[in-house]
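Asks: Here is the input, now give the coordinates:
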Amino acid sequence: MISEEEARKKVLANIWVRPSRSVLLSQSLSCFAAEDYFSSLPLPNFDNSAMDGYAVVASSCGLGKRLRVIGEQPAALDRQLRISAGEAVRIFTGAPMPAGADAVVMQEDVTREGSQIVVNVEVVRGEFVRRRGCDLAEGQKIVAKGERIHPATIALLASQGFTQVSVGGEVDAAVISTGDELVRAGEEIKPGQIYESNSVLLQALLQRCNAAVKSVRHCKDNAKSLRKTLEEAIKYSVLIISGGVSVGEHDLVQPTLRSLGAKIDIWRVAIKPGKPFLFGRAGDCAVFGLPGNPVSAFVTFLCFVRPAILKMMGATNLDLPKVPAKLLVDLRNESDRPHYVRGRFENGTFAPVGRQESHALFGLSQSNALLRLEVGEARTGGESVDVQTFD
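Replies: Below you'll find the model as predicted:
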C-alpha cells in the first residue's frame, strides 16, 4: 500500500497529453487552450460613452450653463462629429466620442430646451468616458496555454475576431461496472441484490471533466465475460472499472487485466475511503480500478482520475478548488489512513453531512466539499480549515 501523494505522482507520470485540435470558438467551452492567445485590438477600440447623455467640453460646462446641441452620435458608425466649447452632441452608450469632447453629462442631469441643453450639475473632465484600451491593451495575453475556457473567455476571444481556437485533445472513456449483486434500474430486484449506481455516477463525473463517454458496460463476476469486455474497452484513452479490484475470490479485475498484457503500477492506496484502488496501462489506455462502494469510487475519482484526465486535455491546474472555511464541529481522524470527510461548504462554513462510511450515498449527495484529515489529526469547531469544493 502506497501513500496518496506517491500514487498521484505515479498516475500523472504515466499520463500523456493528447494531441491538440482546432475547434470552432462556439464549441470550445470547458476545453483547455493549447497555446497562448494575445489581443490584437485594444478594448474598447475607441473612446466611447459610458452613458446615454451629451458629449461636452468639460471646461465650458457648469451649473446652469447653456450648450448648443449640434448633432447626434448613436452606437453605430462614427459620424466624425467635432465639438468646441459651448457645444454638445447627443450621444448614446457605447457610441464613439466626438472629436474635441472630453466628458459626458448624463441625460438625467440636463434640461433639454429645443436645440439647447441646460447643464444642472458640475462636469468633470473624463467623466463617463471609456478610454481606448482602458480594459485591455493591444498585445496583452488574454488566454494562457492550459487555461480552461469559460463563457466569458469565449466572449473575450470573440472580441478579438477569433472564430477558431486550438484546444487540448479529446479524451474518450469507457466505464465498466462489475458484480453479481448489481441490477440495472428498471429490472426486478431480488433479495441480496442492489441497483447499480456507480456507472451513472462515473459517467457524470467524466462528463463534468468534459470527457466523452463512449462505452458503458456491466459485467457479472465471470472471468470469460470480463476479459471480453475489457478487450473491447482498452481501445479508449481511459477505462474506469468499478468494483472487483480488492482481494476476494470474486475480485477478478487485476488478474484479467494482467492476462491481457496490462501493466499494473498501483494497487491499494493509503486513503479513506478508497483503499482498493488500481492503476495501470494497457497499451495506450490508462486503466483505473475503483472500489465498488460509491463514496470510495467518488473520492478516488476526484483524487486520481480527474487530474489524469485534465492532464490529458492539456490543463495546467489539476487540483480541485480550495477555499478557507470555518469548521462547525469537532473532528478527529482515528483511522490509519488520511480521511476525506464529505460535507457542506456554505456561507464560509463547513460541516460534515450524513454518515461517513464508504457506502453512504445520501450524505455524499448532500455534500459539495471535502476536508482532508491526516492520520491522528484533530480539528476543533470554530477553526479555519481548507476544504476542496467539487460542486
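
Asks: Let's see the pLDDT reported for the nearest residue in space to Ala360 that is not next to it in sequence.
Replies: Distances taken as C-beta to C-beta, 6 or more residues apart in numbering place Gly354 nearest to Ala360, at 5.6 Å, with adjacent residues excluded. Every residue, glycine included, has its C-beta placed from N, CA and C. Here the pLDDT value assigned to Gly354 is 92.

Asks: how many other residues sit next to Gly354?
Replies: 17 (other C-beta atoms under 10 Å).

Asks: element containing it?
Replies: Of the helices and strands defined by DSSP states H and E, none includes Gly354.

Asks: I figured it hits Leu361, correct?
Replies: No: contact criterion C-beta atoms under 8 Å: Gly354 and Leu361 do not qualify, at 9.0 Å.

Asks: tell me the contacts of the residue nearest to Ala360?
Replies: Counting by C-beta atoms under 8 Å, 6 or more residues apart in numbering, Gly354 touches Arg342, Ala360, Phe362, Gly363, Leu364, Gln366, Ser367.

Asks: okay if I get the residues you listed as CSV plus distance to Ser197 and pLDDT?
Replies: Below are the contacts of Gly354 laid out as CSV (distance: C-beta to C-beta, whole Å; pLDDT from 0 to 100):
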residue, distance to Ser197, pLDDT
Arg342, 16, 97
Ala360, 13, 87
Phe362, 12, 94
Gly363, 14, 94
Leu364, 11, 95
Gln366, 16, 96
Ser367, 16, 97
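
Asks: Looking at those, which one is closest to Leu201?
Replies: Leu364 (9.2 Å; C-beta to C-beta).

Asks: and that closest one, that's in a helix?
Replies: Yes: counting by DSSP: H, G, I helix; E, B strand; the rest coil, Leu364 is part of a helix.

Asks: residue contacts, it?
Replies: Pro294, Val295, Phe298, Arg342, Gly354.

Asks: Ok, Ile117 next?
Replies: Tyr54, Arg66, Leu67, Val69, Ala88, Val110, Thr111.

Asks: name the element the fifth one belongs to?
Replies: It refers to Ala88. Residue-wise, Ala88 maps onto strand 87-91 under DSSP H and E.

Asks: sorry, back to before: drop anything exposed from the contacts of Ile117.
Replies: By neighbour count, with 16 or more other C-beta atoms under 10 Å, the contacts of Ile117 hold Tyr54, Leu67, Val69, Ala88, Val110 as buried.

Asks: Correct me if wrong: the first one contacts Ile91.
Replies: So the one you mean is Tyr54. Yes: using C-beta under 8 Å, Tyr54 makes contact with Ile91 at a distance of 6.3 Å.

Asks: I'd like the distance between the closest residue to Arg82 other than its chain neighbours and Gly86.
Replies: The shortest distance from Arg82 to any non-neighbouring residue, by C-beta to C-beta, 6+ apart, is to Ala99 (4.2 Å). Spatial separation of Ala99 from Gly86 under the definition C-beta to C-beta, to the nearest Å is 15 Å.

Asks: Mind checking which of the buried ones among the contacts of Ile117 land in strands?
Replies: Tyr54, Leu67, Val69, Ala88, Val110 (DSSP state E).
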